[in-house]
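> The sequence and its predicted three-dimensional model are supplied below.
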Amino acid sequence: MGTGGRSGLRSGKGSADGAAATPTAASASCQYRCIECNQAAKELYRDYNHGVLKITICNSCQKPVDKYIEYDPVIILINAILCKAQAYRHILFNTKINIHGKLCMFCLLCEAYLRWWQLQDSSQNTAPDDLIRYAKEWDFYWMFAIASLEQITYFVGIFTFLWIERPVTAKERPSLVLLLKALLLSSYGKLLLIPAVIWEHDYTPLCLKLIKVFVLTSNFQAVRVTLNADRKLSLLAVLSGFVLESTVVYFFQRMEWDVGSDCAIYRSQDF
């Protein structure tokens, strides 16, 4: 059996019969899930002597609880890119990944760089070099702040819709934390913004729109898998976040236009 898929699993412990088993659902920080039917499972596999693995069979669907534990990470990544629910369940429930914050920060930096690059490409400055460098630096910080605010607004829209449709109880609060982590992880498509800028061509605007659609699709699958919700609810949740985010984007665009028009009027009065 391949061992590439086991690198992200939690460490096992000894069992009574001499085999090493994955931690039970009661002792683990997060329950394991069957990637096929989403039912809770006590363990994923048992590791007998000499590296012989026996994958646990789900009591509900009679299929392997997690077939991806013997898959190479590249195969798992490809399945995640294809937005397969089984791959998402494997990553979210049956592996230990703690890169949510770092991935979110890097994605925001990519988005801020793209906006900063577009701003510098469209502006023409005749100010001294020192002032230009100073202004460009603060422009990047401003773009990062706007991208962060839009990301927060997007998440607020999703959680607000879910809170209205599915009132949160104390028992379900951990699921919302997991949902936030799932949304952060499923936004990895924003990393494609950098190659889209580096390899600039006439189709760059189309590429950026396709990247946005891919990120929304990944977020839709993350909501559906994490909450075990139907497609309609997941789609409406993502659309609610997108609409709220688009409203904030429109507000900032209007503010920039108003500031630009005021500056133009001020300059015309000087002449």
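That came through fine.
> pLDDT wise, what is residue 113 at?
At residue 113 the predicted local confidence, pLDDT, stands at 83.
> Determine the number of other residues adjacent to it.
17 (other CB atoms under 10 Å). Where you see a C-beta, it was placed from the backbone N, CA and C, and this is true even at glycine.
> need the contact list for it.
Contact partners of residue 113, counting by CB atoms under 8 Å, 6 or more residues apart in numbering, are 140, 143, 193, 194, 197.
> how about the first one, secondary structure?
Reducing the assignment at residue 140 to three states with DSSP: H, G, I helix; E, B strand; the rest coil gives helix.
> ok, now which ones touch it?
With CB under 8 Å, 6+ apart as the criterion, the residues that contact residue 140 are 112, 113, 116.
> CSV for those residues, including distance to residue 161?
What follows is the contacts of residue 140, written out as CSV (distance: CB to CB, whole Å):
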residue, distance to residue 161
112, 27
113, 30
116, 31
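> What is the nearest of the residues you listed to residue 247?
Using CB to CB, residue 112 is the member of these that lies nearest residue 247, at 20.1 Å.
> Give me the number of neighbouring residues for that closest one.
Residue 112 is flanked by 21 other residues according to other CB under 10 Å.
> again with residue 147
Counted with other CB under 10 Å, the neighbours of residue 147 add up to 21.
> That one touches residue 108, doesn't it?
Yes: look at residue 147 against residue 108 with CB atoms under 8 Å: they come within range, at 5.2 Å.
> All the helices of this structure, residue numbers only.
Shown for the chain, the helices assigned by DSSP state H span residues 73-81, 85-93, 100-122, 129-165, 173-185, 193-198, 204-227, 231-270.
> Minimum distance to residue 67: which of those helices has it?
Taking CB to CB, helix 85-93 is the member of those nearest to residue 67, at 7.8 Å.
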